[in-house]
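Undergrad: mind looking at a prediction? Sequence and model below.
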Amino acid sequence: MNPASQGTAGTRVLAFGGYQPDKVVTNDDLAKIVDTNDEWIRSRVGIESRRVAADDETVADMAEAAGAKALAASGLTPSSIDLVIVATCTPVVPIPNVAATVASRLGLTAPAAYDLNAACAGFCYALAAASDSVRAGSARHALVIGAEKMTDWIDWNDRSTCIIFADGAGAAVVGPAEAGEPSGIGPVVWGSVGDMAERITIPSRTGALRQDGQAVFRWATTTLHPVALEACRRAGVTPADISAFIPHQGNLRIIEAIARKIGIPRERMADDIVHAGNTSSASIPLALSRMAEQGRLQPGTPALLLGFGAGLSYAAQVITVP
Amino acid sequence: MTDQEILAGLGEIIDEIAGVPADEVTPDKNFVDDLDIDSLSMVEIAVAAQDKFGVEIPDEQLKDLKTVQDVVNFVSKNS
């Protein structure tokens, strides 16, 4: 049960954490099982290697690992967290949800806990939901996790998808902004395009992910930069102010095109996909946690997040780097 | 818009997106075989062509446009 809270004018991200499985799968490894090659994969999607979870490693296991790191980095005690949201579209079973299990394993005391499915936009959706809950007083501190085992849903004979998707998890801790400080999580700009739902699907519980790559490519490269620009505008910053751009790591060519159209230099854009693959809702917090570890994030500066994918769904917001 | 103007505009687009010098973009060239342009670059070219010429090239049509002349004809017919 959450303690009574009056809410807060502003919220912020306190810390990040990321987790990747140990097993590395290179493009050359994939070339042994499907008709593809390193050059083709690099040029089409920008991936050099990706991580694949062990057979017995679950979404909850990865979510727990990333959540534990974010929690430790935040300096909060587990009992301070009263809301857990896990963004995932690849849970092993429909119930129980992942969030309550992960909360229990992390030693949290009876937090509100739910899963959220907005596919590759899931982390940005969950971050917005968590921020709004803290702002409204429904929670004081939230743990937001994106976790996916995409490889459970891949047809390893389909060379258009098996080269792209991968496994992993990333997490962030959200809490109230310091008294007198501006909000560190800007207004979310989000939406969906349900009439394009059929472009990315897992058509049955035993099926594999299928996507119409060209249609998704066209949608992503033509309609998402205005969403990102609007998120900047609502946060009161310009693209020139953005110190780091962390788009969903779906395809390097898509995100390079979006960055170009927003007007953000390539060197400020996350390119975690090169060694992480496309981990759906995990990709943004995973990229953030790695950039934080590498010292590539400048605390106190604005970073732009942009999630997009199946649904089709999209969401963007500007956060202040913790 | 004359075919020559469309060809010139297309040359600029292909130069920018695929790094193929505009003077190599001649009507008989096949995108895949001669210019080494892949399907995703074709989508980018189609989007840029829409901005430049005001003609939408849907994905279903795009796969049938094999040569530079095919695109010039499509734009010319639909503009």
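TA: Great, that's in hand.

Undergrad: name the residues of stretch A:268-276 that are buried.
TA: Using 16 or more other Cβ atoms under 10 Å in any protein chain shown as the burial criterion, the residues of stretch A:268-276 that qualify are A:268, A:269, A:270, A:271, A:272, A:273, A:275, A:276. The way it works is simple: take the backbone N, C-alpha and C, and place the C-beta from them, glycine included.

Undergrad: what about it and chain B, any contact?
TA: No. With Cβ under 8 Å from any Cβ of the partner chain as the measure, stretch A:268-276 is seen stopping short of chain B, the closest distance being 14.9 Å.

Undergrad: need the helices for chain B, in chain order.
TA: Under the criterion DSSP state H, chain B contains helices at B:3-18, B:39-53, B:59-62, B:68-78.

Undergrad: just give the closest residue to the closest residue to chain B within the stretch 1-150 of chain A, not the sequence neighbours.
TA: Using Cβ to the nearest Cβ, the closest approach of the stretch 1-150 of chain A to chain B is made by residue A:44 at 6.3 Å. The spatial neighbour of residue A:44 that comes closest, neighbours along the chain excluded (Cβ to Cβ, 6 or more residues apart in numbering or on different chains), is residue B:40 at 6.3 Å.

Undergrad: per-residue confidence at that neighbour?
TA: Residue B:40 is assigned a predicted lDDT (pLDDT) of 84.

Undergrad: from residue A:109, how far out is it?
TA: According to Cβ to Cβ, to the nearest Å, residue B:40 stands 49 Å off from residue A:109.

Undergrad: more crowded one of these two?
TA: In this comparison of residue B:40 against residue A:109, neighbours counted by other Cβ atoms under 10 Å in any protein chain shown, the higher total goes to residue B:40 at 21 against 14.

Undergrad: which one, of the helices of chain B, ends up nearest to residue A:230?
TA: Of all the helices of chain B, the one in closest proximity to residue A:230, counting by Cβ to Cβ, is helix B:39-53 (20.0 Å).

Undergrad: next, the angle from that closest one to helix B:3-18.
TA: Between helix B:39-53 and helix B:3-18, the angle formed by their directions is 130 degrees, by axes from the mean of the first three to the mean of the last three Cα atoms, to 10 degrees.

Undergrad: and for helix B:39-53, what's in contact with it?
TA: For helix B:39-53, the surrounding residues in contact (Cβ atoms under 8 Å, 6 or more residues apart in numbering or on different chains) are A:44, A:213-214, A:217-218, A:221-222, A:253, A:257, B:1, B:6, B:9-10, B:12-14, B:16-18, B:31, B:37, B:55-57, B:59, B:62-63, B:65, B:71, B:75, B:79.

Undergrad: of these, select the buried ones using a PyMOL command.
TA: Applied in PyMOL, the following selects the buried portion of the contacts of helix B:39-53 according to 16+ other Cβ under 10 Å:
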select buried, (chain A and resi 44+213+214+217+218+221+222+253+257) or (chain B and resi 6+9+10+13+14+17+18+31+37+55+57+59+62+65+71+75)
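
Undergrad: which of the helices or strands spans residue A:101?
TA: Residue A:101 is located in helix A:98-105, with elements delineated by DSSP states H and E.

Undergrad: show the pLDDT at the nearest residue in space to residue A:274 that is not next to it in sequence.
TA: Computed as Cβ to Cβ, 6+ apart, the closest residue to residue A:274 that is not its neighbour in sequence is residue A:48, at 5.2 Å. Note for residue A:48: predicted pLDDT of 96.

Undergrad: and residue A:114, by the same measure?
TA: Confidence score, pLDDT, at residue A:114: 98.

Undergrad: now for it: which residues touch it?
TA: A:84, A:85, A:86, A:97, A:99.

Undergrad: shouldn't residue A:252 be in contact with residue A:43?
TA: No. At 9.5 Å, residue A:252 and residue A:43 do not qualify as touching, with contact defined as Cβ atoms under 8 Å.

Undergrad: so between those two, which is more surrounded?
TA: Summary of the neighbour comparison: residue A:252 and residue A:43, criterion other Cβ under 10 Å, with residue A:252 having more neighbours (19 against 13).

Undergrad: ok, that one to residue A:200 distance?
TA: According to Cβ to Cβ, residue A:252 stands 18 Å off from residue A:200.

Undergrad: same question for residue A:42.
TA: 22 Å.

Undergrad: the two: which is more packed in?
TA: When neighbours are counted by other Cβ under 10 Å, residue A:200 comes out ahead of the other of residue A:42 and residue A:200, with 21 against 14.

Undergrad: thought the more buried one was touching residue A:313?
TA: No. Contact status for residue A:200 versus residue A:313: not in contact, 9.9 Å apart, counting by Cβ under 8 Å.
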